[in-house]
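1. Fold the stuff below for me.
(one chain, ligands or ions: 2)
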Amino acid sequence: MNRPAPDWSLPRVFAHRCGGALAPENSLSGLRIAAALGFRAVEFDVMLSADDSPWLIHDETLERTSNGSGRVCDTPDSALRSLDAGSYRHASFAGEALPTFDQAVRLCRELGLMANVEIKPAAAFEARTGEVVARRIMDLWAGGPLPLVSSFSVVALEAARRVAPRLPLGVLWTRPPADWASQVEMLDAYSLHCAWDKLDADVLKIAQANDIPVLCYTVNDRSAAETLFARGVAALFSDRIDLLIDM
Ligand code: G3P
Ligand code: MG
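-> Ligands and ions are numbered 1, 2, ... in the order given. I've put the predicted structure just below:
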């Protein structure tokens, strides 16, 4: 199996959605906070706007994390640019803009942060999102180490693989299905990502025997993190980066 791998070593802990619970999720403030605390890598979610531009946001709709409303995929860039995506977390983040993917990548590179880019397509935009995000990655990270790219959508990952054969991929599941290993092989994926409490011992054993790193989300408790590392999990995603700072 020819699996493109990151040419940077995985950290033990990725700050989840940029800065975990310490900042608005998927925000530039989150990137700055993660870097200031000494984190080497972050995870964030990327979705397309109505103009086909990639933006950092988790939900398909704007209500929970901004003062906007409606679906991200129906909203033009001009409207996304004017949103307040900080106040929902705390008044001290009022006026924080929703970041474009380009802004986030430039700041990661400036701060020396590596990334796990999670392609988060809106329903029916899976292939398009995989393709657009992979193309932007190859431009924005040109000449530098490439990020690890993951998705719950195999269609998005297949599209990313088609346009960027060298991209390190991770396949995301809540609980890995029975055919997880053949999906990893079909995509030439590097890693398996799953919910920390849905990782069965036999899955971990097969992954380890095949040199497939297992990454678990979202671990917000120190003793759970210690147990997972002791079992051989390679890395974790956490919102409570303040609790896992020295792991
Ligand atoms: O990539 C790991 C994790 O972020 C997946 O779940 O819903 O937080 O994007 P979610
Ligand atoms: Mg995510």
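
2. In what element of secondary structure is residue 47 found?
-> For residue 47, the element it lies in under DSSP states H and E is strand 41-48.

3. export that strand as CSV, just CAs?
-> In CSV, the C-alpha atoms belonging to strand 41-48 read as follows (Å, rounded to 0.1, in the frame of the first residue of the first chain):
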residue,chain,number,x,y,z
ALA,A,41,-1.1,21.3,15.7
VAL,A,42,-4.7,22.1,15.4
GLU,A,43,-7.8,20.6,13.9
PHE,A,44,-10.5,22.6,12.1
ASP,A,45,-13.5,22.1,9.9
VAL,A,46,-13.9,23.5,6.3
MET,A,47,-17.1,24.0,4.4
LEU,A,48,-18.0,25.8,1.1
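
4. Could I get the full set of strands for the protein?
-> Assigned by DSSP state E, the chain shows strands spanning 13-15, 41-48, 54-56, 114-119, 148-151, 169-172, 191-195, 214-217, 235-238.

5. Quick check: mean pLDDT of the fourth one?
-> So the one you mean is strand 114-119. For strand 114-119, the mean per-residue pLDDT is 98.

6. Okay, now the sheet partners of that strand, with direction.
-> Next to strand 114-119 in the sheet, as set by DSSP bridges, lie strand 41-48 (parallel), strand 148-151 (parallel).

7. Please apply the same query to the last one.
-> Strands adjacent to strand 235-238 in the sheet, as given by DSSP bridges, are strand 13-15 (parallel), strand 214-217 (parallel).

8. closest to residue 30 out of those strands?
-> With distances scored as CB to CB, the stretch of the strands paired with strand 235-238 nearest to residue 30 is strand 13-15 (7.1 Å). Backbone N, C-alpha and C define where each C-beta goes, glycine included.

9. and residue 111, what does it touch?
-> By CB atoms under 8 Å, 6 or more residues apart in numbering, the contact list for residue 111 reads 31-32, 35.

10. if we can go back for a sec, turn the strands paired with strand 114-119 into TSV, including mean pLDDT, mean neighbour count and distance to ligand 1.
-> Listed next are those as TSV, based on pLDDT from 0 to 100; neighbours: other CB atoms under 10 Å; distance: least, CB to the nearest ligand atom, whole Å:
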stretch	mean pLDDT	mean neighbour count	distance to ligand 1
strand 41-48	98	25	5
strand 148-151	98	28	6
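
11. before we move on, back to that, pick out whichever of the contacts of residue 111 sits closest to ligand 2.
-> Ranked by distance to ligand 2 (CB to the ion), the contacts of residue 111 are led by residue 31 at 14.5 Å.

12. how about the closest one, what does it touch?
-> Going by CB under 8 Å, 6+ apart, residue 31 touches 18-19, 42, 104, 107-108, 111, 113.

13. Could you export the residues you listed as a markdown table, including distance to residue 183?
-> Listed next are the contacts of residue 31 as a markdown table, based on distance: CB to CB, whole Å:
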| residue | distance to residue 183 |
| --- | --- |
| 18 | 28 |
| 19 | 31 |
| 42 | 25 |
| 104 | 28 |
| 107 | 32 |
| 108 | 28 |
| 111 | 33 |
| 113 | 28 |
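
14. in the helix ranked longest in the chain, what counts as buried?
-> If you go by DSSP state H, the chain has its longest helix at helix 126-140. The neighbour-count check on helix 126-140 (16 or more other CB atoms under 10 Å) flags 126-134, 136-137, 140 as buried.

15. For the residues you listed, which two are the farthest from each other?
-> Farthest apart among the buried residues of helix 126-140 by CB to CB are 126 and 140. That separation is 21.3 Å.

16. Please identify the buried residues of stretch 228-245?
-> By neighbour count with 16+ other CB under 10 Å, stretch 228-245 contains the buried residues 228-229, 233-241, 243-244.
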